[in-house]
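In: Provided below are the primary sequence and the corresponding predicted coordinates.
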Amino acid sequence: MSDKDLRDLILSLTTDIEFEYQGKDGSICPFNHSNISITYDGQTVNCGSIDEAFSVPIFAGKSLKEISADLII
């Protein structure tokens, strides 16, 4: 999924997003535009904005911006 499409899906606030990356499951839970929770490989990070959600390096040192095209949703 493209960076823009994933960003739009998160910001729509319509659903939690479950995905697989490098054989591990994860989820993105957008509670509102200033509370987005990302869980991957046993770690959870709570982000205060969409920009923070796309820049936090929770995916083995990589950010959501770097790996969005590689997610299996």
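Out: Good, I have the coordinates. Bear in mind the structure is a predicted one, so any value in this text is a computation, not a measurement. Numbering: from 1, shown residues only.

In: which SSE is immediately downstream of the top helix by length along the chain?
Out: In the chain, assigned by DSSP state H, the helix with the most residues is helix 3-12. Next helix or strand after helix 3-12 toward the C-terminus (DSSP states H and E): strand 17-21.

In: in that following strand, what's buried?
Out: 17, 19, 21 (16 or more other Cβ atoms under 10 Å). C-beta coordinates here come from the backbone N, C-alpha and C atoms, glycine included.

In: what about stretch 54-72, distance to the chain center?
Out: Stretch 54-72 has its C-alpha centroid displaced from the chain centroid by 7 Å (Cα atoms, centre = their mean, to the nearest Å).

In: from the centroid of the protein, which residue is nearest?
Out: residue 28 (4.7 Å; Cα atoms, centre = their mean).

In: export the helix or strand containing that one as PDB, just CAs?
Out: Element membership of residue 28, judged by DSSP H and E, is strand 24-32. Provided in PDB are the C-alpha atoms of strand 24-32 (Å, rounded to 0.1, in the frame of the first residue of the first chain):
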ATOM      1  CA  LYS A  24       5.200 -10.900  12.000                       C
ATOM      2  CA  ASP A  25       1.700  -9.500  12.700                       C
ATOM      3  CA  GLY A  26       0.900  -6.000  13.800                       C
ATOM      4  CA  SER A  27      -1.800  -3.400  14.000                       C
ATOM      5  CA  ILE A  28      -2.500   0.200  13.800                       C
ATOM      6  CA  CYS A  29      -5.300   1.500  15.900                       C
ATOM      7  CA  PRO A  30      -6.300   5.100  15.200                       C
ATOM      8  CA  PHE A  31      -8.500   6.200  18.100                       C
ATOM      9  CA  ASN A  32      -8.500   9.800  16.900                       C
END
